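Chemist: Mind folding the following:
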Amino acid sequence: MTGTRIAHPSIDDRRARGADARELTPVSSHAGWRPATDRPDPVALLEQQNLTREPDLVPVRHGRMMVSPFTFYRGAAKIMATDLDGTPTSGLVVQLCGDAHLSNFGVFASPERRLLFDLNDFDETLPGPFEYDVKRMAASFTIAARNNGFSKPDTLASTLASVTAYREAMAEFAGMRTMDIWYAHLDEHELMRSIRATVADAEKHSKGKKRHHRGSKDKEHKKDEQGKAARRAEKTAEKTREKAHTRDSLQALSKLGEQVDGRYRIVSQPPIVVPERELGATYGMSADEVGQAVRDQLRAYRRTLQDDRRQLLERFELVDTARKVVGVGSVGTRAFIALLQGRDAGDPLFLQVKEATSSVLEDHLPRSRYRQHGERVVQGQRMMQAASDIFLGWTKGLDENRHYYWRQLRDMKGSAEVETMAPFGLTYYARTCGWTLARAHARSGDPIAISTYLGDDDAFDQAITDFSLRYADRNEQDYAEFVEAVRTGRVPAVEGV
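Modeler: Numbering: from 1, shown residues only. Next up, the predicted model:
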């Protein structure tokens, strides 16, 4: 019996690989980015994506992207994937998130019912150069900081913090045992302890500076403001944590459900929420045909779960389904919610069903080993997250060319309100995201080789920050072109939905 031979290089060999990569692709080469001379029209790339999306939701997607350069960036993963193609890479491959902007991090419940902070969106996941995720993350901090009206030094500080945290965390993981890396995580208690310690340091620093600069009112005032911002950030984090604990299927039922004849069903809120009883016209099917198709899909999905989880899910009966619009970049892809009931109407379970299309990176990197894109998303998520939803699974649609993945709709999920963050809060958040991305990459890649490549100085940090500033400029130009395309009627948009 033969099988694939798996290489197990020594620590010295792994360090040598990182050193060789650094020599072939110096970290300084990541600076100085310029758009390719034959760069495709960014609006055309978005129009290309729209060809397979729900026509009535495409204007909603555009309207959400029009809000600001930051929301445009969130929906422009395909544009950035094109820009990253051909940029310098070390050759060190990891499982990429593929869309690692700062709003795709957040908290959710582990199977043990603890809140974990982690990446939470894997629609574009694919193996590829680790630099792609780092650049997507770092640029998002530059763009978010500008969107919040930060000064240039504060914008630079938050961007640099995300990359420095990534590099320092990767060095930490390079020195850890294999299983310790796999079990590494950031839960709510560790997160709050870290925030409180950071706030205490900021307040101590503020008081010390005040004593040192008794003759400078401006400096005293600035330090006072930093101390206040730190305390506000702590309170905001605590509120986010508390709110996440309330976000479960019961809370979703109070928002999305209504009782009719003693039985719950999903409330109609078009175009955001359209129940199956109203979807027939959209897909050229009767309501009964839609219902039967959903039940067939549910059975197929259950077969992709582990036996214990499948048996748990079988204790719930399907009550209703609906199409539900989510996010920014995902708007227009098919997304549904399913309401299930356990012992009685007071025991709901909401599942989310999202269409999985090919990753935007697959135009530029080797295609996924998984032919079913729903499975690609699920397997990538399991590889990168410290713990994943127990109900992750996948199916094909009625159309064999459409693929879906399933998960719980609300399982104590929470996200940071980036648009309201002050410099202190965004910089702290940047460090948290940088550590988290490094941990996700260390699970699938070689942390020793990557850490050796990154080095122990800030050359990589500075190079990626330079890239981010340049890319933020380009993103603003793309956003202006997009808004002009809407103004002239080239692309439709519905704002405020």
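Chemist: Roughly how far does Thr395 sit from Glu476?
Modeler: Distance, Thr395 to Glu476, using Cβ to Cβ, to the nearest Å: 40 Å. Every residue, glycine included, has its C-beta placed from N, CA and C.
Chemist: which residues does the residue most central in space within the chain contact?
Modeler: Nearest to the mean C-alpha position of the chain, by Cα atoms, centre = their mean, lies Asn104 at 2.2 Å. By Cβ atoms under 8 Å, 6 or more residues apart in numbering, the contact set of Asn104 is Cys97, Leu119, Asn120, Asp121.
Chemist: The third one contacts Phe105, correct?
Modeler: Yes: counting by Cβ atoms under 8 Å, Asn120 touches Phe105, with 6.6 Å between them.
Chemist: mind checking the SS state of Gln352?
Modeler: Three-state call for Gln352 (DSSP: H, G, I helix; E, B strand; the rest coil): strand.
Chemist: quick one, what contacts it?
Modeler: With Cβ under 8 Å, 6+ apart, Gln352 has these contacts: Lys324, Val326, Ala335, Phe336, Ile337, Ala338, Trp406, Arg407, Gln408, Leu409.
Chemist: ok, the third one - how many residues close by?
Modeler: Spelled out, that is Ala335. When counting by other Cβ atoms under 10 Å, one arrives at 20 neighbours for Ala335.
Chemist: Quick one: low-confidence residue ranges for the protein.
Modeler: Applying pLDDT under 70 to the predicted model, the residue ranges of the chain that meet it are 1-3, 203, 205-227.
Chemist: Kindly report the domain assignment for it.
Modeler: The record's domain parsing of the chain by automatic domain parsing lists 22-100+109-190+418-487, 249-408.
Chemist: Could you identify which of those domains is most buried?
Modeler: Of the domains of the chain, the one with the most neighbours on average (mean count of other Cβ atoms under 10 Å) is domain 22-100+109-190+418-487, at a mean of 20.
Chemist: what about that domain, how long is it end to end?
Modeler: Domain 22-100+109-190+418-487 stretches 46 Å from its first residue to its last (Cα to Cα, to the nearest Å).
Chemist: what ranges do the strands span in the stretch 51-200 of the chain?
Modeler: For the stretch 51-200 of the chain, the strands defined by DSSP state E, counting those that start in this stretch cover 93-96, 105-109, 115-119, 126-129.
Chemist: nope, the stretch 201-350 of the chain is what I was after
Modeler: Listed in chain order, the strands of the stretch 201-350 of the chain (DSSP E, counting those that start in this stretch) span 257-260, 263-266, 273-275, 317-324, 335-341, 348-356.
Chemist: re the thing from before, quick one: closest of the strands of the stretch 51-200 of the chain to Phe141.
Modeler: Checking those against Phe141 by Cβ to Cβ gives strand 105-109 as the closest, at 11.3 Å.
Chemist: Any buried residues in that closest one, and which?
Modeler: Buried residues in strand 105-109, defined by neighbour count with 16 or more other Cβ atoms under 10 Å: Phe105, Gly106, Val107, Phe108, Ala109.
Chemist: any residues in contact with both of Asn120 and Phe105?
Modeler: Listed contacts common to Asn120 and Phe105 are Ser415; contacts here mean Cβ under 8 Å, 6+ apart.
Chemist: tell me the contacts of the closest residue to Ser286 other than its chain neighbours?
Modeler: Nearest non-adjacent residue to Ser286, counting by Cβ to Cβ, 6 or more residues apart in numbering: Gly280, 5.3 Å away. Shown in contact with Gly280 (Cβ under 8 Å, 6+ apart): Ser286, Ala287, Glu289, Val290.
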